[in-house]
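J.: the following comprises the amino acid sequence and a computationally predicted model.
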Amino acid sequence: FVSILFTKSRSGIGATFVVLFLIIIHQFLLKRLPLWNLVLGFLVISAITMAVGTPWTPTPADLKQAYDRGGPYWVWAEPFFNKVGLTTIYRPVEVDKLNTAEVEMIAAKKAGVRYGGSCSFEIRSLVWQGAIELGKRRPLFGFGPETFGYTYYNVRPAAHNLNSEWDFLYNKAHNEYLNFLANTGFVGLTSYLFLLGSIIYFFIKYQVSNIKFASLQPAFLIGFISILITNYFGFSVVIVAVYLLLFPALLLVSNSKNRSFYSLNINFNKPLLFTLFFILFSYCLVSPIQQFRADLAYNKGKVLLQYQNIKESIKYLTTATELNAQEPLFPALLAEAQASAVVAIKQQLDALPATASASIKAQGQQMIDGFIQEATANAKKAVNMNKYHTLLYKSKAKSELYIGLAKPEYNQKALDTLIELSALAPTDAK
């Protein structure tokens with residue numbers, strides 16, 4: 001419980017309090033625990049919550065700070081108290097006791113400027129608006145599983161540019177149910193809700209014949225409900241999805257009285273079986289190892305490009321592209337590196353003295369033309385691999401702008417790319 005409080009996760013803490021409330025109600029209705037035990041448990045939980053604090057309640061340190069220098073004792077609730085003519089302020093705040101960050105925050109609020117990160121609920125509400133709009137556009141089957149990271153930017157509210165996460169990449173709706181709506185439409189969402197409702201019905205109606213495991217039924221049900229709550233404010237990661245189906249499965253297994261075990265004895269040639277297994281296992285490892293090597297080469301090339309070691313960067317990025325030809329990010333960055341090479345060579349040619357030989361200039365121009373051709377091909381290849389990925393269009397435009405320093409006609413190509421991008425993401429300020 002204390003660990004959850006320290007996370008400061010609103011959905012996690014909120015779900016925990018709902019679960020604790022349901023446990024208390026369940027125990028009270030069944031009269032399994034004396035009333036004083038429930039009261040004592042409630043007081044202990046309240047004391048721990050007050051000591052550690054939550055995103056909505058102050059800690060003892062916060063209360064002491066307000067006492068020493070003035071100001072509201074309960075910052076989160078102060079606006080709500082003000083609406084009804086009340087306040088948590090005992091005395092005005094002493095400005096000379098505030099630190100620099102707090103002074104800047106007060107000045108920003110007076111000027112109507114946001115200070116620090118935006119409210120997480122405010123950000124979520126904007127993403128939810130986009131998810132609902134996607135559901136309206138394709139109400140039956142949505143845009144396809146795991147497509148939210150691409151489709152959201154077509155319906156992204158313009159107000160998203162006004163919060164602190166305006167340039168973040170959102171690949172989930174931060175609401176599992178709206179995520180299903182956007183990706184799989186009402187058909188997918190209805191199917192998912194039917195599954196959840198069926199599991200809850202199973203928990204309620206299922207009769208546990210083994211009294212030894214009778215207490216597991218409400219425990220699994222309450223745990224299941226906590227997942228539904230957290231999924232409303234976030235999304236289902238792998239382990240949460242496992243628990244979602246594991247809870248009813250564990251209840252079903254725990255109630256099995258008569259278990260039958262079946263075994264099938266088949267005589268195999270052990271050396272032959274081991275050899276076949278080793279060959280199959282080795283074959284299955286080839287692809288992950290190759291992808292891992294490609295990732296290492298890509299990361300090395302990316303770092304080298306940041307330090308303007310263009311030659312070595314191109315070498316590593318070319319290796320990454322060859323090892324994993326299915327990843328569009330690799331040729332996109334390779335195109336940027338090759339475009340950077342164009343700029344570097346152009347600057348060297350411009351710095352040559354007038355007495356430089358024509359062969360050197362011709363060789364330099366030949367290198368420029370070669371890198372332009374390769375960069376253009378790689379940038380186009382990356383976009384063609386995923387025509388809905390906004391970052392690939394930005395990378396292509398960046399490469400074309402670099403090339404435009406050597407060949408101005410590429411500036412128009414960069415503009416055309418950005419126009420295509422604006423059709424995919426009309427409110428993307430970046």
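T.: The structure has been received and is ready for your questions. Numbers count the residues shown, from 1 in each chain.
J.: contacts only, for residue 381.
T.: Residues near residue 381 by C-beta atoms under 8 Å, 6 or more residues apart in numbering: 328, 331. (C-beta placed from N, C-alpha, C; glycine too.)
J.: which non-adjacent residue is nearest residue 311?
T.: residue 341 (7.6 Å; C-beta to C-beta, 6 or more residues apart in numbering).
J.: can you pull out the residues in contact with the helix or strand encompassing residue 225?
T.: Taking DSSP states H and E as the definition, one finds residue 225 inside helix 216-233. Residues from elsewhere that reach helix 216-233 (C-beta under 8 Å, 6+ apart): 10-12, 14-16, 18-19, 22-23, 26, 124, 174-177, 196, 199-200, 203-204, 206, 208, 236, 240, 243-244, 247-248, 250-251, 254.
J.: name the helices or strands packed onto the helix or strand where the residue nearest to residue 311 lies?
T.: Residue 341 is part of helix 329-350, with elements assigned from DSSP H and E. Using 3 or more C-beta pairs under 8 Å, 6 or more residues apart in numbering; DSSP states H and E as the contact test, the elements touching helix 329-350 are helix 270-306, helix 310-323, helix 358-385, helix 390-404.
J.: where in the stretch 201-350 of the chain is pLDDT low?
T.: Counting by pLDDT under 70, the low-confidence segments of the stretch 201-350 of the chain come to 207-215, 255-264, 266.
J.: residue 379 contacts residue 403, correct?
T.: No: the criterion here is C-beta atoms under 8 Å, and residue 379 misses it with residue 403 at 9.4 Å.
J.: so how far is residue 124 from residue 185?
T.: 21 Å (C-beta to C-beta, to the nearest Å).
J.: oh, I was asking about residue 65
T.: 29 Å.
J.: these two: who's more crowded?
T.: residue 124 (18 against 15; other C-beta atoms under 10 Å).
J.: for residue 252, which non-adjacent residue is spatially closest?
T.: Residue 252 sits nearest to residue 206 (C-beta to C-beta, 6+ apart), 7.7 Å away.
J.: that neighbour and residue 254 touch, don't they?
T.: No: in this structure, residue 206 is not within contact of residue 254 by C-beta under 8 Å, at 10.7 Å.
J.: go through the helices and strands packed on helix 329-350 and name the closest to residue 147.
T.: Closest approach to residue 147 among the helices and strands packed on helix 329-350 is made by helix 390-404 (13.0 Å; C-beta to C-beta).
J.: pull out the buried residues from that closest one.
T.: 390, 392-404 (16 or more other C-beta atoms under 10 Å).
J.: one more: stretch 1-19?
T.: Those would be 5, 9, 10, 11, 12, 13, 14, 15, 16, 17, 19, for stretch 1-19 by 16+ other C-beta under 10 Å.
J.: determine which two of these are furthest apart.
T.: Most distant of those, by C-beta to C-beta, are 10 and 19, 14.9 Å apart.
J.: hang on, residue 117 in a strand?
T.: No: judged by DSSP: H, G, I helix; E, B strand; the rest coil, residue 117 forms no part of a strand; its state is coil.
J.: give the closest residue to it in space, chain neighbours not counted.
T.: residue 164 (4.5 Å).
J.: quick one: contacts for the residue of the chain most remote from its centre?
T.: Distance to the chain centre peaks in the chain at residue 355, reaching 57.2 Å (criterion: C-alpha atoms, centre = their mean). By C-beta under 8 Å, 6+ apart, the contact list for residue 355 is empty.
J.: neighbours of the residue nearest to residue 311, how many?
T.: So residue 341, with other C-beta under 10 Å, has 22 neighbours.
J.: hang on, the earlier thing: relative to helix 270-306, how tilted is the helix holding residue 341?
T.: Relative orientation of helix 329-350 and helix 270-306, computed by axes from the mean of the first three to the mean of the last three C-alpha atoms, to 10 degrees: 40 degrees.
J.: report the buried residues of helix 329-350.
T.: For helix 329-350, using 16+ other C-beta under 10 Å, the buried residues are 329-346, 349.
J.: same question, stretch 118-132
T.: 120, 123, 124, 126, 127, 128, 129, 130, 131, 132.
J.: and if you look at stretch 288-297?
T.: Of all the residues in stretch 288-297, those buried under the rule 16+ other C-beta under 10 Å are 294, 297.
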